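Novice: need a structure here:
(2 chains)
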Protein chains: 2
Amino acid sequence: KDKEGAAADRVVVPVVRMQTGEVAESSVVAVLPVCRAEEREVEVEEAPWECAGVGDFGVVEAEKGWGRWVVLPGWEPVAGLKRGGVAVAFKNARVLPGRAKKWNREEAILVVADRGRKEVVTDDNFYLVVGGGNGSVEEGLKVERGLELKEIGVKESLGTVVLVVRPPREEYDDQLSDEDWE
Amino acid sequence: KDKEGAAADRVVVPVVRMQTGEVAESSVVAVLPVCRAEEREVEVEEAPWECAGVGDFGVVEAEKGWGRWVVLPGWEPVAGLKRGGVAVAFKNARVLPGRAKKWNREEAILVVADRGRKEVVTDDNFYLVVGGGNGSVEEGLKVERGLELKEIGVKESLGTVVLVVRPPREEYDDQLSDEDWE
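Specialist: Residues are numbered from 1 along each chain as shown, chains lettered A, B, ... in the order given. You can find the predicted model right below:
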């Protein structure tokens, strides 16, 4: 099942390691509802879609109440989300396809997905899908390459992944380069 | 506990004018539930109390869902709120006591209050209270000095005001000095 790299020749999903205090570095911040991966598709489907900041103070006005939120720096892929953006909190990076698995397995990640783009279109894009219960992932959701999904006939996902966020780390920066994905 | 009393002669409520992009200037941000003043005490009493950021990404985990949120720079009075903090959105500054009324009346303000401190203790602190329907304020809530409240026998408020936030303004900075409050 771990057939990564077979055909993918280019990674189109940015991965960033958040720096301590980095919310500070942008003049724009994004506020996204957070879903827990262990709740499978339930929270992803329930979380509010409209989270734009309005008015003088950029007050986020969601169309429904939600309890978990995260503030991210205005990274381009996130800032570009008009509506339908969601951040899924995973306890570790094992849910990612390919070589990303070699990351510290105990490191939490946030996967930002666009629920407005559910269709599986691009081979080397990442998509958020239900884990499938085959025992390969202990959490309810996982991230899969478009190619792998197409091969098993899956045409619709919960959303296209636009960004993978790794937590701040003070000691050293082991940010992966693009090659690590191929 | 009420030891400052009558002798208080200085204003203890900070007023800040937010700068464009200022969320950027602090390594810490605060996320607070927002209530609309026109909903009177209803939203202030209903908004979640627990809004601390937890884990690697500082995900805000409120004890209940809420639709309106604001991200503020980690100004000291706001960062000091442990729980019970709330931001009330007013359409203009007429709801403030004293000379603050001379501010641009059409300028929206955010009033950050601590619902954990409802008791009216200090003469020159500001407290969030229900407008009273006497026609003096068109909105449901207003801000009153402790002294004024004591004079009419009001001992409990909806919360102690810890900060008044004015919106960003590019053209000029008309931040009031302390004297303007006295």
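Novice: From now on I want contacts and neighbour counts done on CA atoms only, so please keep to that.
Specialist: Noted.
Novice: what residue ranges in chain A are flagged as low confidence?
Specialist: A:1-12, A:19-27, A:99-105, A:132-139, A:170-182 (pLDDT under 70).
Novice: what about the longest strand in it?
Specialist: Across chain A, the longest stretch assigned as strand under DSSP state E is strand A:59-73.
Novice: next structured bit after it?
Specialist: helix A:76-79 (DSSP states H and E).
Novice: Now do the helix or strand just after that following helix: which elements does it pack against?
Specialist: Using DSSP H and E, the helix or strand that follows helix A:76-79 towards the C-terminus is strand A:85-90. Strand A:85-90 makes packing contacts with strand A:29-36, strand A:109-114 when contacts are defined by 3 or more C-alpha pairs under 8 Å, 6 or more residues apart in numbering or on different chains; DSSP states H and E.
Novice: Nearest to B:Val120 among these would be which one?
Specialist: strand A:29-36 (34.4 Å; C-alpha to C-alpha).
Novice: now the helices for chain A?
Specialist: Here chain A has its helices, by DSSP state H, at A:41-46, A:76-79, A:146-151.
Novice: Could I get those helices in a markdown table, plus columns for mean neighbour count and distance to chain B?
Specialist: Formatted as a markdown table, the helices of chain A follow (neighbours: other C-alpha atoms under 10 Å in any protein chain shown; distance: least, C-alpha to the nearest C-alpha, whole Å):
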| stretch | mean neighbour count | distance to chain B |
| --- | --- | --- |
| helix A:41-46 | 16 | 12 |
| helix A:76-79 | 16 | 14 |
| helix A:146-151 | 18 | 27 |
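Novice: what's near enough to touch A:Val129?
Specialist: Counting by C-alpha atoms under 8 Å, 6 or more residues apart in numbering or on different chains, A:Val129 makes contact with A:141-144, A:157-159.
Novice: Provide the partner residues of it in its beta bridges.
Specialist: Listed beta-bridge partners, A:Val129: A:Lys142 (assigned using DSSP bridges).
Novice: For B:Ala47, which of the helices and strands packed on strand A:85-90 is the nearest?
Specialist: strand A:29-36 (16.8 Å).
Novice: For the closest one, which strands pair with it and how are they oriented?
Specialist: Counting by DSSP bridges, strand A:29-36 is paired with strand A:59-73 (antiparallel), strand A:85-90 (parallel).
Novice: quick one: buried residues of the longest one?
Specialist: Right, strand A:59-73. A:59-62, A:65-73 (16 or more other C-alpha atoms under 10 Å in any protein chain shown).
Novice: Can you add distance to A:Val95 and give the helices of chain A back as TSV?
Specialist: Output for the helices of chain A, formatted as TSV (distance: least, C-alpha to C-alpha, whole Å):
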stretch	distance to A:Val95
helix A:41-46	15
helix A:76-79	21
helix A:146-151	14
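Novice: Report the contact partners of the residue nearest the centre of chain A.
Specialist: Most central in chain A under C-alpha atoms, centre = their mean is A:Val111, positioned 1.8 Å from the mean C-alpha point. The contact partners of A:Val111, by C-alpha under 8 Å, 6+ apart, come to A:87-90, A:161-165.
Novice: change it to 7 Å
Specialist: A:Val111 sits next to A:87-89, A:161, A:163-165 when contact means C-alpha atoms under 7 Å, 6 or more residues apart in numbering or on different chains.
Novice: Return a PyMOL selection command for the buried portion of the residues you listed.
Specialist: The buried residues among those can be selected in PyMOL (16+ other C-alpha under 10 Å) with this line:
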select buried, chain A and resi 87+88+89+161+163+164+165
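Novice: A:Cys35: which of the contacts of A:Val111 is nearest?
Specialist: Lowest distance from A:Cys35 to the contacts of A:Val111 (C-alpha to C-alpha) belongs to A:Val88, with 4.8 Å.
Novice: beta partners of the residue nearest to the centre of chain A?
Specialist: With DSSP bridges as the rule, A:Val111 is bridged to A:Val88, A:Val164.
Novice: That one and B:Phe90, how far apart?
Specialist: 35 Å (C-alpha to C-alpha, to the nearest Å).
Novice: Repeat that for A:Ile152.
Specialist: The value you get for A:Ile152 to B:Phe90, if C-alpha to C-alpha is used, is 54 Å.
Novice: now swap in A:Val28 and tell me
Specialist: Taking C-alpha to C-alpha, one finds A:Val28 at 23 Å from B:Phe90.
Novice: quick one, what contacts the residue of chain A most remote from its centre?
Specialist: Residue farthest from the centre of chain A, counting by C-alpha atoms, centre = their mean, is A:Asp56 at 29.3 Å. A:Asp56 makes contact with B:167-168, according to C-alpha under 7 Å, 6+ apart.
Novice: Pull the most distant pair out of the buried residues of strand A:59-73.
Specialist: Between all members of the buried residues of strand A:59-73, the farthest pair (by C-alpha to C-alpha) comes out as A:Gly65 and A:Pro73, at 22.6 Å.
Novice: before we move on, back to that, next, format the helices and strands packed on strand A:85-90 as TSV and append distance to B:Val129.
Specialist: Shown next, in TSV, are these (distance: least, C-alpha to C-alpha, whole Å):
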stretch	distance to B:Val129
strand A:29-36	30
strand A:109-114	40
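Novice: which one of those lies closest to B:Val44?
Specialist: strand A:29-36 (21.5 Å).
Novice: Report the buried residues of the closest one.
Specialist: So for strand A:29-36, counting by 16+ other C-alpha under 10 Å, buried means A:29-36.
Novice: I'd like to check what contacts it. Which residues are they?
Specialist: In contact with strand A:29-36 (C-alpha under 7 Å, 6+ apart) are residues A:23, A:43-44, A:47, A:51, A:68-74, A:78-79, A:85-90.
Novice: Since that was my last question, I'll sign off now.
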